[in-house]
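In: build me a model from this:
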Amino acid sequence: MLALCLRLYLPVYDFNYPQQQFEEHLLADSPQDSFLPKGKAHLAPLRHYLSDKKTLKNYSRGDLMFFYEPVKNGGAGAVIAVGRVLRAYLRDEAAMQTDDLAPSVLDSSQLSSIGVSKTKTITVFDNVLRLPRPVPLHELKALNCGEAHQLITCQRLSSEQVQAILEKGL
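Out: Residues are numbered from 1 along each chain as shown. The predicted model follows:
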């Protein structure tokens, strides 16, 4: 349960990750209020994170999912939130249903932006907590979590790395 998954966000469609504007809808809390209409993801008690099929092996029930916001396009350059993985499964793009997409920040027209495979991993998560003190990249590097270019994919973390990130962020 302490071997966790670091899940990271890129602020632009680069490889297979949602734009920064989606982050506040998926995590359902932005430091600023907005008068703009919000998507449906923040209304769902269980949220869905869609990724390439190769990431399925990295998710197990009870894992923590850390959300990293790169500095590119004005992001924090830090781990900003954590959520709990409930389950993960594969779904073919053609078989995607409203129930798969509504609790995410993507629609069917955006699925091709998260990898070339027609099969996607859907990770169901809850208990999203925005960290009061975001954990910046230099501290992640000091914890051997990787360089910035390595933080665009899912990777397993040791229990020591997880504990350190939580101590720094909370």
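In: show me what the lengthiest helix in the chain is packed up against.
Out: Assignment by DSSP state H gives helix 159-169 as the longest helix of the chain. Under the contact definition 3 or more C-beta pairs under 8 Å, 6 or more residues apart in numbering; DSSP states H and E, helix 159-169 sits against strand 4-8, strand 78-92, strand 119-136. From N, CA and C alone the C-beta is placed, and that goes for glycine too.
In: and the longest one with strand 78-92, angle?
Out: To tie it back to what came earlier, the one meant is strand 119-136. 170 degrees (axes from the mean of the first three to the mean of the last three C-alpha atoms, to 10 degrees).
In: just want the angle from strand 119-136 to helix 159-169.
Out: On the basis of the same axes, to 10 degrees, strand 119-136 is oriented at 50 degrees to helix 159-169.
In: please identify the pairing partners of strand 119-136 and their relative orientation?
Out: When pairing is defined by DSSP bridges, strand 119-136 lines up against strand 47-52 (antiparallel), strand 78-92 (antiparallel).
In: check which residues of it are buried.
Out: For strand 119-136, the neighbour count (16 or more other C-beta atoms under 10 Å) marks Lys120, Thr121, Ile122, Thr123, Val124, Phe125, Val128, Leu131, Pro134, Val135, Pro136 as buried.
In: export these to JSON lines and tack on distance to Tyr49?
Out: Formatted as JSON lines, the buried residues of strand 119-136 follow (distance: C-beta to C-beta, whole Å):
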{"residue": "Lys120", "distance to Tyr49": "10"}
{"residue": "Thr121", "distance to Tyr49": "8"}
{"residue": "Ile122", "distance to Tyr49": "8"}
{"residue": "Thr123", "distance to Tyr49": "4"}
{"residue": "Val124", "distance to Tyr49": "8"}
{"residue": "Phe125", "distance to Tyr49": "6"}
{"residue": "Val128", "distance to Tyr49": "11"}
{"residue": "Leu131", "distance to Tyr49": "17"}
{"residue": "Pro134", "distance to Tyr49": "19"}
{"residue": "Val135", "distance to Tyr49": "19"}
{"residue": "Pro136", "distance to Tyr49": "22"}
